[in-house]
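let me see the structure of the following:
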Amino acid sequence: MFIRSSNPFVESSASANRYSGLLKYLAVKGVNITVLVTAEYQNLSEFHNHKNHKLSNIQFKYLAYSVKSNIWLRRINKYFLGPILNPITTLLIRHHLKKKYDFIWLTFNYEILQTFNKLKTPIRAKTIIELNEYNDLHLYDNSITAIQKKRAEKESQALIKALQKIDIVLPMTETLLKHYQALANPKALFMHLPMTVDPSRFDDNSVDICNIKQPYIAYAGALNNQKDGIDILIKAFAKISPQYPQFHLVLAGFYHYDVVEQKKLIDQLNLNDRIHYLYNQSNDQVISILKNANLLALARPESYQASGGFPTKLGEYLMTSNPVCVTAVGEIPRYLEDNYSAFLAKPGNVSSFAEAMDRALSNPSLAKVVGINGKNVALEHFNVHKQSELLFLFLSEIIKSTNK
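Residues are numbered from 1 along each chain as shown. Below you'll find the model as predicted:
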């Protein structure tokens, strides 16, 4: 059983794509999977199409029967229905946790982990959790509010407590593996599960469905300066824009309050007609944006988050075969080589990032080879088919040893 607040096969996010890809290919291997969705339906389409739905060996079960498709429904759910329905949802989660499964896959969610922590009796299944970030990021994030920080602290404490009972931990990076080994039950089993991308998502999406001015450099992800250095990317583009007057910069993602300052910066640099924002794109639209770009850029600065995590967007960038310009932070240099599989830049350095983009744009033949090499890296290390196979074998060995 896989437990998450929202259905990963419906939600459009990096973590949803990761989970849906892993679950889909485990199902192909013959694993019977129940996806337990604890929160409201995203929209009416999800309610009609996924309620009591079954996909291959994957069955979906929803614990809530309300919809949160707009701000008013979200407020009704939170302030009026929530106090009534939340205790019922907790009881239902507890009921499912006690059912007989080989494995129960928990996700980093306060309500789910808190319910798990409060169980008085041991459950019969082996428990799994996948972790792709530090648990204490909120301590180093000055961009979140006091309320958000308080919520994050509660989630962190719930995770630390849950790790004392969880059987299997799947960290995304080697750095996170070491971090969580110090926090987990000494008997817990660990498997490094790198970020994953489904290559099939990039097979037949070369048609431009977003009508973007060509040619362009693209970024897709969180429009957040602290996390992904959007301000650094804008300044670096300003440095090379006179050399490449035909190029535009496309910034695609969900709105972040940093956008206000970014637009002031764009205005100061007189680049309003060269830099374009695209908000709330669907998965298909994001893939179209990435596939049709001449260069994909990620100016992630050095940070506590960058030191432990690995950007899922980078795997998607690489899978397009387009050249990628990225900063050498965290574990990125373990996989990518400068001028061979990516154009690497120093983190937090505008001039270095501008120079890396210039290297890519000034030599199209080299950029093409670098893009192909980058895709080969993604196929070798981040291919969901390969990682799912390794995960399947890992879990199969656990079942064999348990049944001896």
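
which residue ranges make up the domains of the protein?
2-196+384-403, 199-381 (automatic domain parsing).

for residue 94, which non-adjacent residue is closest in space?
Nearest non-adjacent residue to residue 94, counting by CB to CB, 6 or more residues apart in numbering: residue 115, 5.7 Å away. The way it works is simple: take the backbone N, C-alpha and C, and place the C-beta from them, glycine included.

elements contacting the one helix or strand the one you found maps to?
Secondary structure assignment for residue 115, by DSSP states H and E: helix 110-117. Helices and strands touching helix 110-117, by 3 or more CB pairs under 8 Å, 6 or more residues apart in numbering; DSSP states H and E, are helix 82-97, strand 103-106, helix 146-162.

show me which positions of the last one end up buried.
Same thing as helix 146-162. Judged by neighbour count using 16 or more other CB atoms under 10 Å, the buried positions of helix 146-162 are 152, 155-160, 162.

from those, pick the one nearest residue 120.
residue 162 (14.7 Å; CB to CB).

list the residues that contact that closest one.
With contact taken as CB atoms under 8 Å, 6 or more residues apart in numbering, residue 162 is in contact with 106, 113, 116-117, 129.

which residues of the stretch 151-300 of the chain fall in strands?
With DSSP state E, counting those that start in this stretch, the ranges of strands along the stretch 151-300 of the chain come out as 168-171, 189-190, 216-220, 248-253, 275-279, 295-298.

among the ones you listed, which comes closest to residue 386?
strand 168-171 (14.8 Å).

name the strands paired with that closest one and say parallel or antiparallel.
Applying DSSP bridges, strand 168-171 is found paired with strand 126-131 (parallel), strand 189-190 (parallel).

can you list the low-confidence ranges for the stretch 101-250 of the chain?
Counting by pLDDT under 70, the stretch 101-250 of the chain has low-confidence residues at 204-210.

ok, now with 90
Scanning the stretch 101-250 of the chain for pLDDT under 90 picks out 119-124, 137-149, 200-214, 222.

longest helix in the chain, please.
Scanning the chain for the longest helix, with DSSP state H as the assignment, gives helix 384-403.

would you turn the strands of the stretch 151-300 of the chain into CSV with mean neighbour count?
Shown next, in CSV, are these (neighbours: other CB atoms under 10 Å):
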stretch, mean neighbour count
strand 168-171, 22
strand 189-190, 16
strand 216-220, 24
strand 248-253, 22
strand 275-279, 16
strand 295-298, 26
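
looking at the ones you listed, which is closest to residue 99?
strand 168-171 (18.1 Å).

ok, and what's touching the helix holding residue 115?
For helix 110-117, the surrounding residues in contact (CB under 8 Å, 6+ apart) are 3-5, 38, 86, 89-90, 93-94, 97, 106, 127, 151, 154-155, 158-159, 161-162, 165.
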